[in-house]
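A.B. asks: fold the stuff below for me.
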Amino acid sequence: MSYYLGIDIGGTKCAVCFGEIHDNKINIVEKRRFATVPNRPYDVLERLSSEAMEFGCSFDGIGISCGGPLDSRTGTILSPPNLPGWDNIQVVDYFNNRFGVQSYLQNDANACAVAEWKYGAGVGTNNMVFLTFGTGFGAGLILNGKLYTGANDMAGEIGHVRLSPFGPVGYGKAGSVEGYCSGGGIKRLAMTLVEEEVQRGRKPLLAEFDDIDAKLIAELAIEKNNPLCNEVYRISGEKLGYALAILCDVLDPELIVIGSIYARNERLLYEPMINVLKKEALVPCRIVPALLGDAIGDYAALAIANGDCV
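C.D. replies: Now for the predicted structure:
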């Protein structure tokens, strides 16, 4: 039985867990999470270390999952757009020194791809793409039975691809995939549609809420059949379809696994997505929601903790 520490550093939350890996199965024993403090990277690392020490056990390795860009070879986080202030942070050295065992860093999409490939929806495939669709939008690529990261650890940054000259901003680029297919992008798209309705002299339901997010928009679309909220997810789904068509045509995967917002709201996104995908892609592949659910971040960090994918 091997015991590993998993650390998930996200734009809105951080989590630390320890788990057992035995017979190609992961068992998460204990987990702790807290909100990410903006612009305070070393305070966050100290909190993660303190929480890990509270588990009161030793580990055979540490896996660190974080949004990119980053350099997995040197263990450095390189100014991710969703983590302001995290500039050239040597996280692997930090945790190596704190715990005295080898740590490994991977882009969150790459780590999730490994987890879904080894333990989730992608078991048995050799060519699989995992898409985050959460705070950001990135891809982890399993090609010919191996994790592919590219020459500069930047492979799979499909969220940076521009789909239209204008549109919601994501990954520092207006009209990007991430601008349409992420939590922040869905919110910005909704706010634009609300403003258009208000300027036409109408008062849409979303205008009654002080704070809106992708979750609220989905709830109103599903529970109230709200036209504006349905339109937001229709647009997001169509743009997702264009992004998937690019991945299908370039990589020819067997399977694309999509997590987070897509996994929770497949009923809103699937139809507009699949209509575009069938029209645009040469050979559309199978699209499924992530099997590991909301715990995928924990599985992802633990899945890379033994260094198999380095």
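A.B. asks: and the gap between the spatially closest residue to Asn226 that is not a sequence neighbour and Asp211?
C.D. replies: In this structure, Asn226 finds its nearest non-sequential neighbour in Leu220, 4.3 Å apart by CB to CB, 6 or more residues apart in numbering. Where C-beta positions appear, they are placed from N, C-alpha and C, glycine not excepted. Counting by CB to CB, to the nearest Å, the gap from Leu220 to Asp211 is 13 Å.
A.B. asks: please say which of those two ends up with more neighbours.
C.D. replies: Leu220 (22 against 6; other CB atoms under 10 Å).
A.B. asks: which residues touch that one?
C.D. replies: Contacts were defined as CB atoms under 8 Å, 6 or more residues apart in numbering; by that measure Leu220 touches Leu205, Leu206, Asn226, Cys229.
A.B. asks: now these: which count as buried?
C.D. replies: Buried by 16 or more other CB atoms under 10 Å: Leu206, Asn226, Cys229, out of the contacts of Leu220.
A.B. asks: low-confidence ranges in the stretch 201-310 of the chain?
C.D. replies: Filtered on pLDDT under 70, the stretch 201-310 of the chain yields the residue ranges 310.
A.B. asks: and if we set it to 90?
C.D. replies: 207-208, 210-211, 293-297, 306-310 (pLDDT under 90).
A.B. asks: got the residue ranges for the strands in it?
C.D. replies: 255-258, 286-289 (DSSP state E, counting those that start in this stretch).
A.B. asks: for the first one, which strands pair with it and how are they oriented?
C.D. replies: Read that as strand 255-258. strand 128-131 (parallel), strand 286-289 (parallel) (DSSP bridges).
A.B. asks: tabulate these (CSV), appending distance to Gly63.
C.D. replies: Shown next, in CSV, are the strands paired with strand 255-258 (distance: least, CB to CB, whole Å):
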stretch, distance to Gly63
strand 128-131, 16
strand 286-289, 23
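A.B. asks: do you know which of those lies nearest Gly172?
C.D. replies: strand 128-131 (19.0 Å; CB to CB).
A.B. asks: outside of that closest one, which residues touch it?
C.D. replies: So strand 128-131 is contacted by 109, 112-113, 116-117, 122, 137-142, 156, 158, 247, 251, 253-259, 262, 290 (CB under 8 Å, 6+ apart).
A.B. asks: mind checking which of these are buried?
C.D. replies: 109, 112-113, 116-117, 122, 137-142, 156, 158, 247, 251, 253, 255-259, 262, 290.
A.B. asks: relative to its centre, which residue of the chain is most distant?
C.D. replies: Most distant from the centre of the chain: Gly201, at 37.6 Å, with distances by CA atoms, centre = their mean.
A.B. asks: which residues touch it?
C.D. replies: Counting by CB under 8 Å, 6+ apart, Gly201 has no contacts.
A.B. asks: next one: Ile235
C.D. replies: Tyr180, Leu189, Pro272.
A.B. asks: quick one: which of the residues you listed is most hemmed in?
C.D. replies: In terms of neighbours by other CB under 10 Å, the contacts of Ile235 top out with Tyr180 at 27 neighbours.
A.B. asks: list the contacts for the residue nearest to that one when sequence neighbours are not counted?
C.D. replies: Nearest non-adjacent residue to Tyr180, counting by CB to CB, 6+ apart: Lys239, 3.7 Å away. Residues counted as contacts of Lys239 (CB under 8 Å, 6+ apart) are Leu163, Val177, Tyr180, Cys181.
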